[in-house]
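[1] Show me how the following folds:
(one chain, ligands or ions: 1)
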Amino acid sequence: MSIAQSILDIALEEIAKQGCDRLDLIRVQCGALAGVVPESLQFCFEALIRGGPHASARLELETIPLLLRCSSCGRTFGGEGQEALWLPCPVCGALTGHSVEQGKELQISHLEASVSGGQDS
Ligand SMILES: [Zn+2]
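    As a prediction, the model looks like this:
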């Protein structure tokens, strides 16, 4: 729940800077290692905005696949999920020491908002 709250807080702060007061769309990049379950985040987000001024906002999750770099041969390889961490390098077969190049992301990549034309604050 707290991740959804943080995303919403950041988004609302950002759209306020643009002079908007109604959130329409948040797109979030979510790495395979970010520890986020997309369905759960979606559910929490919807629960948070329900009945409020941003009830029509949509959350879009963009999954960033895991990308690892082999410490032995320097090749990059990846996989969809966290289990790719435990795979040997497909080029040289090294089992350990891979570094994570991509997959820890959890960030807002796109926001859409509008002015509701409602009451002044
Ligand atoms: Zn290798």
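
[2] Alongside the ion, which residues does the chain contribute?
    70, 72-73, 89, 91-92, 94 (CB under 5 Å from the ion). No exception for glycine: its C-beta is placed from N, CA and C like everyone else's.

[3] Pull the number of nearby residues for Leu67.
    18 (other CB atoms under 10 Å).

[4] residues in contact with the helix or strand hosting it?
    If you go by DSSP states H and E, Leu67 is part of strand 66-69. Here strand 66-69 makes contact (CB atoms under 8 Å, 6 or more residues apart in numbering) with 31-33, 75-82, 84-85, 98-103.

[5] hey, what's the residue nearest to Pro53 when sequence neighbours are not counted bridged with?
    Spatially, and ignoring its direct neighbours in sequence, Pro53 is nearest to Arg22 (6.2 Å; CB to CB, 6 or more residues apart in numbering). Beta-bridge pairing for Arg22 (DSSP bridges): Ser114.

[6] Just give me the neighbour total for Arg22.
    Arg22: 18 surrounding residues under other CB under 10 Å.

[7] And it, how far from Glu60?
    17 Å (CB to CB, to the nearest Å).

[8] same question, Leu25
    The spacing between Leu25 and Glu60, counted by CB to CB, is 7 Å.

[9] My guess is Ile49 contacts Leu8. True?
    Yes - at 7.1 Å, Ile49 and Leu8 qualify as touching, with contact defined as CB atoms under 8 Å.

[10] what do the two both touch?
    Residues touching both Ile49 and Leu8 (CB under 8 Å, 6+ apart): Leu23.

[11] which residue ranges form the strands in the chain?
    Taking DSSP state E, the strands of the chain run over residues 22-31, 58-64, 66-69, 76-79, 99-102, 106-114.
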